[in-house]
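1. next comes the sequence, and after it the predicted model I'd like to discuss.
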Amino acid sequence: MEILSKLFGSPMRVKLMRFFLFNPDKIYSSKEAASRAHASAREAEKELRIFEKANFIKRRVIIETEIINRRNKKPLVRRRKLNGWTLDRLFPYLLPLKNLIINTTLIDHREMIRRLARAGSLKLVIAAGVFIQQEESRLDLLIVGDHLKKAVIGRVVKVMESEIGKELRYVILETLEFKYRASICDKLIRDVMDYPHQKLLDKFEIGDKIEVPKHYQF
């Protein structure tokens, strides 16, 4: 991310670029784009206008619906039109830009482990999906450990999502549940272990096999 920030001017610009590249068919308001990138509305609006001038994104109208509940009356439905933004697939440098931004290491792996470690005793962290450019993967992150605080992991994931520009698919398992699932060749575990993945942390020393070592089995 640091190298790309230097090339493109700011981390915010890279975040928003990734956001549109990862979600090419969706339309987002300026407010939602700012929220996803953890940016102020003013910062996001400035970048979006730069993108529009470069023909990287284009405007689309969004219909926002608001339902207001009223006591002893039917709910009041209000609709309003908002300017939205979506990726312009005719942008001439779309493919090389996508290859550069998406295929660059999204988050340093040591930094990812450091953040997740705040949630408890980590035993196994596996990255797949978006982190290794395998979009067909079932998960992006498998996190295993003891006494894990899901709320803390949730906050860490939200920050990573803002940096990457994409919602992450992740599963949190306590060690006992992971060991049980591994012992019965659970489909979720096999779907991760039998396909491309990268172990960021492996205190079980399970290697590339789904079996859990004897000293970790029941």
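-> Perfect, thanks for sending it. Numbering: from 1, shown residues only.
2. the helix or strand harbouring Lys123 pairs with which strands, and in what direction?
-> Assigned by DSSP states H and E, Lys123 falls within strand 121-127. In the sheet, strand 121-127 lines up against strand 141-146 (antiparallel), strand 198-202 (antiparallel) (DSSP bridges).
3. got a list of contacts for the last one?
-> Among residues not part of strand 198-202, those counted as contacts by Cβ atoms under 8 Å, 6 or more residues apart in numbering are His109, Met112, Ile113, Leu122, Lys123, Leu124, Val125, Ile126, Ala127, Ala128, Phe131, Ile132. C-beta here means a position set from N, CA and C on the backbone, and glycine is covered the same way.
4. now for the residues you listed: which two are most distant?
-> Lys123 and Ile132 (20.7 Å; Cβ to Cβ).
5. neighbour count for those two, which is higher?
-> Lys123 (20 against 15; other Cβ atoms under 10 Å).
6. wait, doesn't the more buried one sit right on Leu142?
-> No - in this structure Lys123 lies outside contact range of Leu142 using Cβ atoms under 8 Å: 11.0 Å.
7. what's downstream of the helix or strand bottoming out on mean pLDDT in the chain, the next helix or strand?
-> Ranked by mean pLDDT, DSSP states H and E, the helix or strand of the chain with the weakest confidence is helix 2-8, at a mean of 63. Per DSSP H and E, the first helix or strand lying C-terminal to helix 2-8 is helix 11-22.
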